[in-house]
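In: sharing a model prediction with you, sequence too.
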Amino acid sequence: MSLEKAKSILLSSASTIAVVSDGEVFTSQERGVKPLLFLLKEKKEFLKGASVADKVIGKAAALLMALGEIKEVHTLIISEPAIKVFEKYNIPCFYDKKVTRIVNRTGDGLCPMETLCLDVENPQEAFDRITSL
């Protein structure tokens, strides 16, 4: 039910992410992993057990969601490495389109966050790498 609510909010708004936790809703129009970093730094307890709908999920975002201990996720586009993260952490993952890798915003290479985390398996390590930039 919460996942359907998050998905509905995502699809009916300009949001890039919608998080539903205990009936409360968080949305953001920021791109990339910024909303997840905000939640992990400022409201980590909000993520625990939350249902998340996101427009695009690469491995970096998946690792951050695993760190936040989300319950389930739906995304429009997901990378194969992100799917593996969700499988490893037993997070149910639903998606509209699977891609090999997430490309950058100009479309001429890999997403920098995807590249940064390709060799990372530990969610805390991903968070540390991303926040040290």
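Out: Happy to help now that I have it.

In: can you tell me the closest non-neighbouring residue to Gly58?
Out: Distances taken as Cβ to Cβ, 6 or more residues apart in numbering put Ile102 closest to Gly58, at 3.7 Å, once the chain neighbours are dropped. C-beta: built from backbone N, CA, C; applies to glycine.

In: next one: Pro92
Out: Per Cβ to Cβ, 6+ apart, closest to Pro92 is Glu72, 4.4 Å.

In: lowest-scoring secondary structure element of this structure by mean pLDDT?
Out: Least confident element among the helices and strands of the chain, by mean pLDDT, DSSP states H and E: helix 112-117 (a mean of 93).

In: give me the residues contacting that one.
Out: Under the contact criterion Cβ atoms under 8 Å, 6 or more residues apart in numbering, helix 112-117 has outside partners 32-33, 58-61, 63, 79, 81, 101-102, 104, 126, 129-130, 133.

In: gap between it and the chain center?
Out: Helix 112-117 sits 13 Å away from the centroid of its parent chain (Cα atoms, centre = their mean, to the nearest Å).
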